[in-house]
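Undergrad: sharing a sequence plus its predicted fold:
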Amino acid sequence: MSHFVSERIDEVGYAIGQTVEPPLWIKKGLRWIGMIGLLFFGFLFLPWTQNVSGVGTVTSLTPDVRPQTLHAMIPGRILRWYVQEGEKVKAGDTLLLIGEIKDYYLDPELPVRLREQLQAKEATAQAQREKINALRRQIQALIETRDGNLARAQNALLQAQLRYMADSAAYRAAEIEARLAENQYIRQESLYAQGLRSLTELQVRQQRYQEAQAKLISARNRMDASAADVQNARIQLSVIQADFAEKIAKAESDLRSAESYLYDVEAAIAKLRNEIANVDVRRGFYAVLAPQDGYIVRATKTGIGEVVKEGEPLAVFMPAAYRLAAEVFVRPLDVALLYPGAKVRLQFDGWPAFVFSGWPGVSFGTFGGRVYTIDYVDTGNGFFRVLVEPDPEDKPWPQYLRLGGGVRGWFLLNDVPIWYEIWRQINGFPPDLVQQFYNKDTPAKKEKK
């Protein structure tokens, strides 16, 4: 027997029962609302992949194979174009020919003229070197002659000093002999006054005294002459030194002048060689060559005879071999969440796609990538550039992608429940980093530690 009253009493059979009983459509509606609520509640616990989005363009991974502009290396006028726009060329192919417009380079024999000038300057430099060698030999000869004359003068001075010493000794001997003769004469004169000596003996002593005086005077004269010879020898020695010092100084001055002129000539030679090399290199710039295999995208200067300036763009060149990449620009708030190797989903302009940013697995028409590098500074407009390369573990990118095309990217982060993502968005919290990123020994982790 049932314990519920509603099962034992027929509520519909009573008027009041018919009043309080809800209609059937309300019951069904409540059931649907409950089921939808349960589904929505379960939906809140489904996984959601957090991501950071950004837009950018398709580019090349390495700078050397990106689109480049070919410039005129020298001013000139266009003589001839050898290619057409859109044509494929190989490295080293001549694209166009430029003619000279500067009057200095108009002479077709300019390199020959410059080489003739160079030969003349080299001959002048050789003659100057020989002159310098001659001056050096002249200086050496003057030094040797000076040394010989000085040696001879020193020998003459020594001889004069020896003669002076001999004459001085002779003078001292004559002086002693004169004093002795004087004393003898005085004693003889005294004895003659006393009558002890004869007049003849006195006259003999007087004669000897006079001879001794004459010898003394002669010895003094010879000594004075010897002293004068010594002084003259010394003066001659000084004269020789001064004379040869003047000659050697003049020769050294001529030598320095010759060396200075040689340096000027060598500087002119170096300048001519530099000018010849510049002319040769400049003539190599007449033909604008393809830097590598690629395509002529667009010619910016087209007319024959049109004058171009130095550094002016001539054509836009696109290398043939390049590795596709995408440069995506993200906000500074989000760049801290990215790291090299992070997964990215990309949508390219021209390729239809059905995107669920939080469920990349069910998205259609997107392509996989991974972060190659992140710029250390912003681009100048408040965004940071992130370079993305193809993910080798995902399907390849379309082969018909063109550099410069638009791209939109979603950088995949952590998987969280949908209710958490809604709560994070309402509160304005940043996304969570991928857990694997923290397990890696990265510089960011080291800095955080």
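TA: In hand now; what should we look at? Numbering: from 1, shown residues only.
Undergrad: now the strand or helix carrying residue 156, how far from the chain's geometric center?
TA: When elements are defined using DSSP states H and E, residue 156 is found to belong to helix 110-194. Centre-to-centre, helix 110-194 and its host chain are 62 Å apart (Cα atoms, centre = their mean, to the nearest Å).
Undergrad: for it, packing partners?
TA: Judged by 3 or more Cβ pairs under 8 Å, 6 or more residues apart in numbering; DSSP states H and E, helix 110-194 is in contact with helix 199-284. C-beta coordinates here come from the backbone N, C-alpha and C atoms, glycine included.
Undergrad: buried residues, the strand or helix carrying residue 328. List them.
TA: Taking DSSP H and E as the definition, residue 328 sits inside strand 324-330. Judged by neighbour count (16 or more other Cβ atoms under 10 Å), strand 324-330 contains these buried residues: 324, 325, 326, 327, 328, 329, 330.
Undergrad: then stretch 246-256?
TA: Judged by neighbour count (16+ other Cβ under 10 Å), stretch 246-256 contains these buried residues: 247, 248, 251, 254, 255.
Undergrad: cool, stretch 121-130 as well?
TA: Buried, per 16+ other Cβ under 10 Å, within stretch 121-130: 121, 122, 124, 125, 128.
Undergrad: for that stretch, C-alpha coordinates in CSV please.
TA: Output of stretch 121-130 as CSV, limited to C-alpha atoms (Å, rounded to 0.1, in the frame of the first residue of the first chain):
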residue,chain,number,x,y,z
LYS,A,121,105.2,59.4,-58.9
GLU,A,122,106.8,56.0,-58.3
ALA,A,123,109.8,57.1,-60.4
THR,A,124,110.0,60.3,-58.5
ALA,A,125,109.9,58.4,-55.2
GLN,A,126,112.7,56.1,-56.4
ALA,A,127,114.9,59.1,-57.4
GLN,A,128,114.2,60.7,-54.1
ARG,A,129,115.2,57.5,-52.3
GLU,A,130,118.5,57.5,-54.2
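Undergrad: neighbouring contacts of that stretch?
TA: With Cβ atoms under 8 Å, 6 or more residues apart in numbering as the test, stretch 121-130 has contacts from 258, 261, 262, 265, 266, 268, 269, 272.
Undergrad: hang on, residue 318 in a helix?
TA: No. Secondary structure of residue 318 (DSSP: H, G, I helix; E, B strand; the rest coil): strand, not part of a helix.
Undergrad: ok, it - contacts?
TA: Going by Cβ under 8 Å, 6+ apart, residue 318 touches 67, 68, 294, 295, 297, 403.
Undergrad: how far does stretch 299-318 stretch from one end to the other?
TA: End-to-end span of stretch 299-318 (Cα to Cα, to the nearest Å): 12 Å.
Undergrad: gap between that stretch and the chain center?
TA: The answer for stretch 299-318 is 31 Å, by Cα atoms, centre = their mean.
Undergrad: buried set for it?
TA: So for stretch 299-318, counting by 16+ other Cβ under 10 Å, buried means 299, 301, 308, 314, 315, 316, 317, 318.
Undergrad: now the third one: how far from residue 274?
TA: Counting by Cβ to Cβ, to the nearest Å, the gap between residue 308 and residue 274 amounts to 25 Å.
Undergrad: rewinding a little: which pair of the contacts of stretch 121-130 spans the longest distance?
TA: 258 and 272 (20.7 Å; Cβ to Cβ).
Undergrad: buried ones among the contacts of stretch 121-130?
TA: Neighbour-count burial within the contacts of stretch 121-130 applies to 258, 262, 265, 266, 268, 269, 272; the criterion is 16+ other Cβ under 10 Å.
Undergrad: would you convert the contacts of stretch 121-130 into JSON lines that also reports pLDDT?
TA: Listed next are those as JSON lines, based on pLDDT from 0 to 100:
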{"residue": "258", "pLDDT": "92"}
{"residue": "261", "pLDDT": "93"}
{"residue": "262", "pLDDT": "93"}
{"residue": "265", "pLDDT": "93"}
{"residue": "266", "pLDDT": "93"}
{"residue": "268", "pLDDT": "93"}
{"residue": "269", "pLDDT": "93"}
{"residue": "272", "pLDDT": "93"}
